[in-house]
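[1] predicted model, plus sequence, below.
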Amino acid sequence: MEQVLKIHDNDNVLVATSATSKGQVITIDGISLKLTTDIPAGHKIALQQINKGEDVIKYGNPIGYALANINPGDHVHVHNVKTKLSDCMKYEYHPNFTELNIATSGKTFKGFKRKNGDVGIRNELWIIPTVGCVNGQANSIVKLFKQQHHTEKIENIHVFGHNYGCSQLGDDHVNTRTVLGNMIKHPNAGGVLVLGLGCENNQISELKQSIGEYDETRVKFLNSQDVENEIEEGLKLVEELYLNIKEDQRTDCPIADLKIGLKCGGSDGFSGITANPLLGVFSDILIANGGSTVLTEVPEMFGAEHLLMERANSEEVFEKTVSLINDFKDYFIKHDQPIYENPSPGNKAGGISTLEDKSLGCTQKGGSAKIVDVLKYGERIKKNGLNLLSSPGNDLVAASALGFSGCQMVLFTTGRGTPFGSFIPTMKISTNSELARRKSHWIDFNAGTLLETGDMNTLSEEFVNYVIEVANGEEVNHEKTGFREIAIFKTGVTL
């Protein structure tokens, strides 16, 4: 493995693939560089002279400008690079499409076909509180159920508690009602008990109207204030749901039925070199076979949004993408917060210097397919193909938002590692082999081998097959440990 990597022909920086030392001489493209300082793995090294004010180029695009003269062999990082990004911008539509040229594979997975035509990759029993006041009651119902029943005939029973559903106004309240409604109808759930209190503003009667038609054998509702013993009554409803779903069987489904969310967190200098490009290849393969992927984390599109806008498949989708970007910038401005307070301390420690640096690596998860639609927060997938989704970059909020949109699984790349899981399978893909070795109880798949082999074809085939195995029912690590949560994006005041 080479100690340094040049990502794009136009780059004026290199990436250290392993820790390098001051005084060490490295050679690339016939150029010998003597390092002026120690440089950690994943961090950038100046390939040539970059004068103060000039662009620092990585991934073939500017990631900021030089704050001072940078000499060949210097460490290029937050001390001498600053973002070039500004506030809301005007954009023009200049389509630039790449044909995928990927043969259809005929691959299938074994999923659960639901009455409404949706397909799940899990057959679980969920209790979804309408309001945080009844989280404890929901947990008591599950505890009693597990004491009285063997649950091996269903894949899991879980409470997805949260702190919302009351004291919310306007769009903030509507968002909560909408995303909980999307969970109620999610195909990974074979049965759902919706547990309310009775006096909250997220009333069950309004929630029913919001979700529209639903399978009454698979979804039950209970207002705790309406009965004498809500735990006893809730247990009866859960037992009824259990009887309805325990005989469900997996059947063969085309991979066109897969809807997969794309997410990253705890990124490092290798994210845009290994794991994110791997997800991009996967996304293109799935889309070529009729499936769907969803790219979110809007603040981590800032600085790379022009590359996404070029791929909008129509002027309407382009305009929706412009609104996606500028509306999120307005959200920061409205709260008197800096738009570019990113990357995080962990990102910087891993070698990411500016938001452009992060975004150009982050958006590679979306591959090269055309963008077919742009979804608002809480909106469900309507078109097969690559979708953009409005959500912040926060790991649990964004992963939950992908599930709310109808994704059955999230693919989550990380260079630092994280143990969390959302309410749908959240597969962790490491950007480097050291993380995969050290945190094997967190990481499900290692993309860091690309640094050693450079063989994307073999790795992507292995990865597609692993995703199918998880869709078939193989648990990822956070499912094994039971780390599963939801986080709802709160945007308004609390009464």
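    Done, it's in. Numbers count the residues shown, from 1 in each chain.
[2] any regions of the stretch 251-400 of the chain where pLDDT drops low?
    Scanning the stretch 251-400 of the chain for pLDDT under 70 picks out the ranges 341.
[3] which parts of it are helices?
    Remark: helices assigned in the stretch 251-400 of the chain by DSSP state H, counting those that start in this stretch are 275-288, 305-309, 315-334, 345-349, 355-362, 395-404.
[4] for Lys428, what are its contacts?
    412-414, 417-418, 442-445, 476-478 (C-beta atoms under 8 Å, 6 or more residues apart in numbering). In short, each C-beta sits where N, CA and C put it, glycine included.
[5] buried residues, stretch 367-376. List them.
    367-375 (16 or more other C-beta atoms under 10 Å).
[6] could the residues you listed go into CSV alongside distance to Asn139?
    Shown next, in CSV, are the buried residues of stretch 367-376 (distance: C-beta to C-beta, whole Å):
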residue, distance to Asn139
Gly367, 40
Ser368, 45
Ala369, 42
Lys370, 45
Ile371, 41
Val372, 40
Asp373, 37
Val374, 37
Leu375, 32
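[7] how about the residues you listed, which pair is most distant?
    Ser368 and Leu375 (20.1 Å; C-beta to C-beta).
[8] for Gly196, name its beta-bridge partners.
    In this entry, Gly196 is beta-bridged to Asn223, by DSSP bridges.
[9] so what's the residue count around it?
    Using other C-beta atoms under 10 Å, the number of residues around Gly196 comes to 25.
[10] about what we covered before: deepest of the helices of the stretch 251-400 of the chain, which one?
    Ranked by mean neighbour count, those are led by helix 355-362 with a mean of 28 (mean count of other C-beta atoms under 10 Å).
[11] so what secondary structure elements neighbour the helix or strand harbouring Ile231?
    Assigned by DSSP states H and E, Ile231 belongs to helix 230-245. Under the contact criterion of 3 or more C-beta pairs under 8 Å, 6 or more residues apart in numbering; DSSP states H and E, helix 230-245 touches strand 124-129, helix 135-148, strand 189-196, strand 219-223.
[12] got these as CSV, with distance to Asn432 and mean pLDDT columns?
    As requested, the helices and strands packed on helix 230-245 are exported to CSV (distance: least, C-beta to C-beta, whole Å; pLDDT from 0 to 100):
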stretch, distance to Asn432, mean pLDDT
strand 124-129, 33, 98
helix 135-148, 38, 95
strand 189-196, 35, 98
strand 219-223, 43, 98
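[13] export these to JSON lines and tack on distance to Ile63?
    Output for the helices and strands packed on helix 230-245, formatted as JSON lines (distance: least, C-beta to C-beta, whole Å):
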{"stretch": "strand 124-129", "distance to Ile63": "42"}
{"stretch": "helix 135-148", "distance to Ile63": "43"}
{"stretch": "strand 189-196", "distance to Ile63": "42"}
{"stretch": "strand 219-223", "distance to Ile63": "48"}
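[14] just to revisit the earlier point, between the buried residues of stretch 367-376, which sits nearest Ile141?
    For those, the nearest to Ile141 is Leu375 (33.1 Å; C-beta to C-beta).
[15] excluding chain neighbours, what is closest to the closest one?
    Spatial nearest neighbour of Leu375, excluding adjacent residues (C-beta to C-beta, 6 or more residues apart in numbering): Leu389 at 4.6 Å.
[16] residues near that neighbour, how many?
    Leu389 has 26 nearby residues by other C-beta under 10 Å.
[17] and Pro95, by the same measure?
    Pro95 sits with 13 neighbouring residues when counted by other C-beta under 10 Å.
[18] of the buried residues of stretch 367-376, which belong to strands?
    371-375 (DSSP state E).
[19] of the residues you listed, closest to Asn188?
    Nearest to Asn188 among these: Leu375, at 18.7 Å, using C-beta to C-beta.
[20] ok, that closest one - contacts?
    Shown in contact with Leu375 (C-beta under 8 Å, 6+ apart): 294, 381, 387-390, 405.
[21] so who does Gln168 touch?
    176, 201-202, 490, 492, 494-495.
[22] can you add distance to Leu193 and neighbour count and give those back as a markdown table?
    Shown next, in a markdown table, are the contacts of Gln168 (distance: C-beta to C-beta, whole Å; neighbours: other C-beta atoms under 10 Å):
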| residue | distance to Leu193 | neighbour count |
| --- | --- | --- |
| Thr176 | 18 | 25 |
| Asn201 | 20 | 16 |
| Asn202 | 15 | 22 |
| Lys490 | 24 | 14 |
| Gly492 | 28 | 15 |
| Thr494 | 26 | 11 |
| Leu495 | 27 | 8 |
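[23] okay, which residue is most central for the protein?
    By C-alpha atoms, centre = their mean, the chain has its centre lying nearest to Lys263, at 2.4 Å.
[24] can you get me a residue count around the closest residue to it other than its chain neighbours?
    Excluding the flanking residues, the one nearest Lys263 by C-beta to C-beta, 6+ apart is Phe412, at 4.7 Å. Per other C-beta under 10 Å, the neighbour tally for Phe412 reads 29.
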